[in-house]
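[1] what would the 3D arrangement of this be:
(4 chains)
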Number of protein chains: 2
Amino acid sequence: MSRRSGVLEFAVLGLLRESPMHGYELRKRLNTSLGVFRAFSYGTLYPCLKTLVAQGWLAEETTSDDPLAAPLAGRRAKIVYRLTSAGKEHFEDLLAQSGPDAWEDEQFGVRFAFFGHTERDVRMRVLEGRRSRLEERLEKMRASLARTRERLDDYTLELQRHGMESVEREVRWLNELIETERAGRGRAKGRPADQGRDDTNPTDTTK
Amino acid sequence: MSRRSGVLEFAVLGLLRESPMHGYELRKRLNTSLGVFRAFSYGTLYPCLKTLVAQGWLAEETTSDDPLAAPLAGRRAKIVYRLTSAGKEHFEDLLAQSGPDAWEDEQFGVRFAFFGHTERDVRMRVLEGRRSRLEERLEKMRASLARTRERLDDYTLELQRHGMESVEREVRWLNELIETERAGRGRAKGRPADQGRDDTNPTDTTK
DNA sequence: TTCGTCATGTAATGGGTTACATGATTAC
DNA sequence: GTAATCATGTAACCCATTACATGACGAA
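    Numbering: from 1, shown residues only, chains lettered A, B, ... in the order given. As a prediction, the model looks like this:
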């Protein structure tokens, strides 16, 4: 009932926004389409889909609903999940959030992956929030390094250095992105700012 | 009984190797001393310490054991944990492992942090294993990118690109480290290559 | 016909956090 | 004396994985 998995829920909703899919395919897309994204196991994915259906955000469609498919009774159906209009609405709500959660490591990646469907000002807030989050982290690392430097051996030091450099690198990346956004060259799916909520889905579902 | 948390256990053992500590202090060191290391909550740490004691790898010492401290009965004691000789032995065993687990994201960081106590050939295997793990990952990313490139919007593409670049960067880092090790300039705690397993420990344990 | 991959699910378990409860010690 | 921080612990819960069980479908 309270299976509220955050990232997974968000990612599923977002992927199904593009076109209906069944669970198995969904899982593959979680690895690939979405940046460097973790692979959830089926033990996580399927129960999650069930609760999303229960919430009214997804609708199941078994292949037997398809008039072209052989009407075999008792045959285990392949279940295609489709985003309902309530689900679409819910996804837009999630998409509009730009608060602290959205700058955490896990959330941020998924959020970014769906920037193509996100309003420009929200994108900016998420990007800037993420950056300040990383800068805080950097501050803490620097402070703790200053305190403990002489007590640490070379390997620990090297690890620390490399870690900080990674974070610094991400900050620079964010700076560039923010710059691009500010210059108005945000790249949202071909068309610049307009994102019509088309209910006619373009991809072939029945195949 | 089966509270076998892997990383945490390893990190605790390693930190206590240097000097005895109590839980609270231990937790702080997990954030700082060990590279960019995650902070475990007390709800994880304290139970873990208990099981390590039960295993015979740690020994508890309450401050009331200290003859200088006031002998107040019933007073909640500050518990200092000390690595037993069995614990030290167990840690050496863990340290000697260089199998697949050691090249996973989580494990690798801690392993590296304790390279100062690790044999050179083990260091090499861990470093090389990690590198090949990352190269596999890179291969997969490249393949999936090649398959799906045209279907992805600019943001997703950018995320993917940045992710791959991060991994590539870590590979280059590993290359340098491996080079250094191969050149014999492994930097284990001051002295270059020699690391006799001295049982006379140099850090003051009794303090 | 057998093997690999597609496809869906569940029960047990694991590893961790949160929130809570308690109390000592230090700085102001 | 009171607030912050040091210090230790527990119970309830959460999120996800593992191992298992089932079965369809296509290719060799």
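
[2] contacting residues around residue A:170?
    residue A:134 (C-beta atoms under 8 Å, 6 or more residues apart in numbering or on different chains). Backbone N, C-alpha and C define where each C-beta goes, glycine included.

[3] quick check: which element contains it?
    Applying DSSP states H and E as the criterion places residue A:170 in helix A:154-182.

[4] try residue A:134
    Judged by DSSP H and E, residue A:134 forms part of helix A:120-148.

[5] same check on residue A:82?
    Secondary structure assignment for residue A:82, by DSSP H and E: strand A:79-83.

[6] which pLDDT value goes with the closest residue to DNA strand D within chain A?
    Nearest to DNA strand D, among the residues of chain A, is residue A:43, at 2.2 Å (C-beta to the nearest atom of the strand). Predicted confidence (pLDDT) at residue A:43: the value is 94.

[7] surely it is in a helix?
    Yes. Assessed with DSSP: H, G, I helix; E, B strand; the rest coil, residue A:43 lies in a helix.

[8] can you list the buried residues in the helix holding residue A:170?
    A:155-160, A:162-164, A:166, A:170-171, A:173-174, A:177-178, A:181 (16 or more other C-beta atoms under 10 Å in any protein chain shown).

[9] now the angle between helix B:120-148 and that helix, please.
    20 degrees (axes from the mean of the first three to the mean of the last three C-alpha atoms, to 10 degrees).

[10] number of nearby residues for residue A:85?
    For residue A:85, the count of nearby residues is 12 (other C-beta atoms under 10 Å in any protein chain shown).

[11] again with residue A:81
    Look at residue A:81: counted by other C-beta under 10 Å, it has 23 neighbours.

[12] so it sits against residue A:25, correct?
    No. Residue A:81 lies out of contact with residue A:25 (C-beta atoms under 8 Å); the separation is 9.7 Å.

[13] so where's chain A shaky on pLDDT?
    Applying pLDDT under 70 to chain A flags residues A:1-5, A:35-36, A:63-76, A:185-207.

[14] helix/strand/coil for the most far-flung residue of it relative to its centre?
    Computed with C-alpha atoms, centre = their mean, the maximum C-alpha offset from the centroid of chain A is found at residue A:150, amounting to 41.2 Å. Remark: residue A:150 carries the secondary structure label helix [criterion: three-state DSSP].

[15] roughly how far does it sit from residue A:156?
    Distance, residue A:150 to residue A:156, using C-beta to C-beta, to the nearest Å: 12 Å.

[16] cool, and residue A:57?
    From residue A:57 to residue A:156 the distance is 47 Å (C-beta to C-beta).

[17] what about stretch A:145-163, near DNA strand D?
    No. Stretch A:145-163 stays clear of DNA strand D (C-beta under 7 Å from any atom of the strand), getting no nearer than 12.4 Å.

[18] how long is that stretch end to end?
    End-to-end distance for stretch A:145-163, by C-alpha to C-alpha, to the nearest Å: 12 Å.

[19] ok now it, how far from the chain's centre?
    Taking the mean of its C-alpha atoms, stretch A:145-163 sits 34 Å from the chain's own mean (C-alpha atoms, centre = their mean, to the nearest Å).
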